[in-house]
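# The following block contains a protein sequence and its predicted model.
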Amino acid sequence: MDEQSTVQRNLALQREWYGEPLGDRVRRLVVAFDVSQANLADVLGISAPMLSQVMSGRRAKIGNPAVLARLIMLERTILTPEVASGNREARKRALEDVRNSKPSVTKDTLPVEHGRHDRVAITALRRIADADDLTGAARLLDSKFPVLAELLRRAGAVT
């Protein structure tokens, strides 16, 4: 099979597996976070050459499930008001959070639940408490309930 046929086959597989070519998804992240492709690769936990091969269709898939989970986490983060507004600090914080994440994919966990449900909860929390109360509550819960504490911290973040 020649290279052109391989690329076309891989892009078709990406559409089937990921909903669209990975190059399109990655380019949106590069633009939304205003980072280089190499920087994004570092955040995702993949080498820059490997990311380039996946984007161009020379490779069909992202083999590491944690890398795919981080990609999805970033895609969902784009929709948060802080990042969507172009807030440089929010973008930087989101990239660091994803870079430092240790997602694991098992039958019981999906490490990509930063999405619409989180935004609904954050909006509701902001309606009933001010930023200082939310971040204070996060500090109190941090050691025993870190996931809940992180949600409170995000709700208490100034946008």
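Cool, got the structure.
# Check the offset of the lengthiest helix in the chain from the chain's centre.
What stands out as the longest helix in the chain, according to DSSP state H, is helix 3-18. The chain centroid and the centroid of helix 3-18 are separated by 23 Å, computed with C-alpha atoms, centre = their mean, to the nearest Å.
# Name the residues of that helix that are buried.
N10, L11, Q14, Y18 (16 or more other C-beta atoms under 10 Å). Any C-beta I mention is one placed from the backbone N, CA and C, and that applies to glycine too.
# would you turn these into TSV with pLDDT and distance to D132?
Below are these laid out as TSV (pLDDT from 0 to 100; distance: C-beta to C-beta, whole Å):
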residue	pLDDT	distance to D132
N10	94	51
L11	95	50
Q14	92	46
Y18	87	41
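# How about the least confident helix or strand in the chain by mean pLDDT, which residues are buried there?
The helix or strand of the chain with the poorest confidence is helix 116-128; it has a mean of 78 (mean pLDDT, DSSP states H and E). With burial defined by 16+ other C-beta under 10 Å, the residues of helix 116-128 counted as buried are D118, I122, L125.
# Go through the residues you listed and name the one nearest A94.
The shortest approach to A94 among the buried residues of helix 116-128 belongs to D118, at 12.5 Å (C-beta to C-beta).
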